[in-house]
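Visitor: Model the structure of this input:
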Amino acid sequence: MSNFWVNLYKFPRFLTSVFIGFFLTTFQPIFKLLKNKNNIVLFTIITISLISLFYKIIKIMTGLS
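Guide: Predicted coordinates for the structure are as follows:
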């Protein structure tokens with residue numbers, strides 16, 4: 001039974017390392033792309049467009065328009 005509590009105690013550290021690893025492996029290619037100035041402009045335009053698109057979709061779906 002003590003083995004269970006030891007594993008339960010280690011779970012938050014495991015979960016934290018999984019999340020950090022996920023974000024690092026996800027965003028590492030994006031950071032490599034952002035070293036070029038042309039890619040920064042393109043990435044910014046795409047990001048702003050996606051955020052505004054999602055905002056408009058959610059606004060229409062909730063009936064706040």
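Visitor: burial count for L34?
Guide: L34 has 14 neighbouring residues, counting by other CB atoms under 10 Å. For glycine as for every other residue, the C-beta is placed from the backbone atoms N, C-alpha and C.
Visitor: tell me which strands and helices the longest helix anywhere in the chain is in contact with?
Guide: Longest helix in the chain by number of residues (criterion: DSSP state H): helix 2-33. For helix 2-33, the elements it packs on are helix 37-62, judged by 3 or more CB pairs under 8 Å, 6 or more residues apart in numbering; DSSP states H and E.
Visitor: what about this structure, any weak spots by pLDDT?
Guide: 65 (pLDDT under 70).
Visitor: quick check: domain ranges of it?
Guide: 1-33, 34-65 (automatic domain parsing).
Visitor: ok, the most centrally placed residue in the chain to N38 distance?
Guide: Closest to where the C-alpha atoms of the chain average out (CA atoms, centre = their mean) is F23, at 6.2 Å. Going from F23 to N38 by CB to CB, to the nearest Å gives 25 Å.
Visitor: Over to F27?
Guide: 19 Å.
Visitor: need the contact list for F19.
Guide: Listed by CB atoms under 8 Å, 6 or more residues apart in numbering, the contact set of F19 is empty.
Visitor: before we move on, the earlier item: more neighbours: F27 and N38, which one.
Guide: It is F27, of F27 and N38, that has more neighbours when counted by other CB under 10 Å, with 11 against 8.
Visitor: From G63, how far off is that one?
Guide: 34 Å.
Visitor: Now for L42, how many residues are close by?
Guide: Neighbours of L42 (other CB under 10 Å): 13.
Visitor: what's the answer for F43, then?
Guide: Neighbours around F43, by other CB under 10 Å: 14.
Visitor: Ignoring the adjacent residues along the chain, who's closest to it?
Guide: L34 (6.3 Å; CB to CB, 6 or more residues apart in numbering).
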